[in-house]
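Undergrad: Got a sequence here, can you model it:
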Amino acid sequence: MSFSSQGFAPELVKALTECGYEKLTPIQQKAIPMARKGHDIFATAQTGTGKTAAFSLPVIQHLLNSGKKASRGTARGLILAPTRELAAQIAQNIKDYVKYTDLSVSAVYGGNKMSSQVRQLELGVDILVATPGRLEEHLEAGNVSIANLEFLVFDEADRILDMGFINAVRKIMLDVETSPQIMMFSATTSTQLNQLSVDILRKPKRISVERENSTAATVGHVVYPVDQERKTELLSELIGRKNWRQVLVFVNYKETANDVVKELKLDGIKAVLCHGDKAQSARRRALDDFKEGRARVMVATDVAARGLDIEDLPHVINYDMPFLAEDYVHRIGRTGRAGKQGHAISFVNREEELTVVQVEKLIQQRIRRVEQPGYEPKKRDAYIEKLNTKSAYKNRQGRKNNANEEPQDQASAERRLTMMKRIKNRRK
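TA: Purely as a prediction, here's the structure:
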């Protein structure tokens with residue numbers, strides 16, 4: 001099924017052809033016709049499956065058909081993304097799609113100066129891509145109005161919840177006075193996400209192209225049991241012995257990232273950093289060095305798990321197992337994209353064995369164990385045998401979205417209920 005068969009404007013089809021788009025991916029085949037008909041959408045699909053085009057192309061075509069332009073200081077379509085990297089990537093993709101039209105696209109997110117963003121917003125923007133926190137700042141300052149919004153898209157909606165942006169989302173929704181078409185896209189699902197969809201979507205079409213919370217079939221999974229203090233040594237060993245040329249390494253803490261990069265450089269392996277303490281410009285340079293082969297390894301915290309668009313990335317390593325089992329899906333979603341073969345490698349100390357069980361349960365797949373000679377962990381078998389005798393080990397659940405969110409008092413709960421009722425009333 002080609003893009004030209006979807007009734008898109010010639011200038012849009014021309015741009016898509018130049019982007020190398022030929023046939024619709026499964027998520028695009030299912031989502032685009034529904035979106036073109038004006039339905040709200042709740043879609044579940046793996047990263048790297050063409051979600052950005054799936055939600056943005058119907059929006060672009062509608063804006064072109066209307067013949068209107070955004071008024072000064074307003075936005076017609078809004079796309080919310082959880083991280084700077086993802087917001088920047090989405091905005092760039094859409095700019096590539098609309099290059100032969102007169103539609104305007106802007107992105108607002110932290111790490112860039114507010115003043116330059118204000119200048120873009122003053123003129124009005126057809127499609128605004130934003131992180132929730134930075135958009136909230138602009139709304140409070142009166143820099144942009146979303147009162148007459150025509151489209152609202154949540155990309156990586158589960159991550160928006162994970163990162164604690166739900167209150168910002170509620171405030172943003174209360175600034176919308178129209179009944180925009182709303183689309184939610186996510187790689188994983190959760191109870192909280194399902195509830196949010198009930199709160200804000202109107203008779204949505206549910207779309208899924210893979211089993212929910214699944215990983216791409218093109219990704220091979222392997223676990224290396226290893227003691228924590230030997231993980232960096234094992235990382236250097238595998239990279240050198242197997243001659244891996246492009247490796248994305250995920251850690252849980254910024255301090256760990258700094259230490260790993262330092263040790264890799266001592267071993268003669270060029271590595272770069274990507275975490276929250278780095279300025280946006282530094283993170284962009286690190287990504288460019290990694291993508292262009294000037295650096296062999298990029299060590300990142302989960303801030304980089306969404307929005308990294310790296311073609312043919314062969315290896316993703318979990319140096320630390322993620323706190324949330326769902327984040328395993330997002331991390332390894334950087335590899336095995338667009339039908340290419342990928343490898344997901346996890347270093348697991350004995351305390352992380354429970355996380356492996358939770359991940360296997362989530363993805364409904366047993367992960368192969370490989371012990372690297374000379375790196376066998378101490379007393380691992382005895383530890384696992386002990387855990388297996390405890391029902392808590394088998395039945396314990398992983399951390400939930402917003403697990404550290406404070407319980408709310410009755411007044412706070414009532415305020416939230418009032419806000420959601422107001423939102424739902426607008427949607428009728």
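Undergrad: Pop the domain breakdown of the protein in here.
TA: As recorded under automatic domain parsing, the domains making up the chain are 3-212, 219-395.
Undergrad: can you redo those as CSV with mean pLDDT?
TA: Shown next, in CSV, are the domains of the chain (pLDDT from 0 to 100):
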stretch, mean pLDDT
domain 3-212, 90
domain 219-395, 84
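Undergrad: Reformat those domains as a markdown table; add mean neighbour count.
TA: For glycine as for every other residue, the C-beta is placed from the backbone atoms N, C-alpha and C. Formatted as a markdown table, these follow (neighbours: other CB atoms under 10 Å):
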| stretch | mean neighbour count |
| --- | --- |
| domain 3-212 | 19 |
| domain 219-395 | 18 |
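Undergrad: Would you state the strands of the stretch 251-400 of the chain in chain order?
TA: Remark: strands assigned in the stretch 251-400 of the chain by DSSP state E, counting those that start in this stretch are 271-274, 297-300, 315-318, 342-348, 368-369.
Undergrad: Restrict the second one to CA atoms and write it as PDB.
TA: What follows is strand 297-300, C-alpha atoms only, in PDB (Å, rounded to 0.1, in the frame of the first residue of the first chain):
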ATOM      1  CA  VAL A 297      30.000   3.700  22.300                       C
ATOM      2  CA  MET A 298      27.300   6.000  23.700                       C
ATOM      3  CA  VAL A 299      26.500   5.600  27.400                       C
ATOM      4  CA  ALA A 300      23.100   7.000  28.300                       C
END
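Undergrad: how far out from the middle of the chain is it?
TA: 17 Å (CA atoms, centre = their mean, to the nearest Å).
Undergrad: One more: the shortest one?
TA: The chain centroid and the centroid of strand 368-369 are separated by 27 Å under CA atoms, centre = their mean.
Undergrad: Residue 315 against residue 343, yeah?
TA: Yes. Residue 315 lies in contact with residue 343 (CB atoms under 8 Å); the separation is 5.0 Å.
Undergrad: List the residues that are in contact with both of the two.
TA: Common neighbours of residue 315 and residue 343 (criterion: CB atoms under 8 Å, 6 or more residues apart in numbering): residue 335.
Undergrad: Do a quick rundown of the helices in the stretch 51-200 of the chain.
TA: 51-66, 84-97, 114-122, 132-140, 157-162, 166-174, 191-200 (DSSP state H, counting those that start in this stretch).
Undergrad: For residue 241, which of the ones you listed is the nearest?
TA: helix 84-97 (30.9 Å; CB to CB).
Undergrad: Please state the offset of that closest one from the chain centre?
TA: Worked out by CA atoms, centre = their mean, helix 84-97 lies 13 Å from the chain centre.
Undergrad: what angle separates it from helix 132-140?
TA: 70 degrees (axes from the mean of the first three to the mean of the last three CA atoms, to 10 degrees).
Undergrad: show me what contacts residue 181?
TA: Counted by CB under 8 Å, 6+ apart, residue 181 has contacts 35, 38, 39, 40, 150, 151, 152.
Undergrad: next one: residue 248
TA: With contacts defined as CB under 8 Å, 6+ apart, residue 248 is in contact with 290, 297-298, 300, 304, 308, 310, 313, 315-317, 334-335.
Undergrad: Quick check on the closest residue to residue 54 other than its chain neighbours: phi, psi?
TA: The spatially closest residue to residue 54, leaving aside those adjacent along the chain, is residue 31, at 4.2 Å (CB to CB, 6 or more residues apart in numbering). Backbone torsions of residue 31, given as degrees, to the nearest 10, read phi -80, psi -40.
Undergrad: Could you check how far residue 31 is from residue 43?
TA: Distance of residue 31 to residue 43, given as CB to CB, to the nearest Å: 6 Å.
Undergrad: which neighbours do these two share?
TA: 54, 55, 183, 207.
Undergrad: could those residues go into CSV alongside distance to residue 200?
TA: CSV is the format used below for the shared contacts of residue 31 and residue 43 (distance: CB to CB, whole Å):
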residue, distance to residue 200
54, 19
55, 15
183, 11
207, 17
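Undergrad: Of all pairs in the residues you listed, which one is the farthest apart?
TA: 55 and 207 (10.8 Å).
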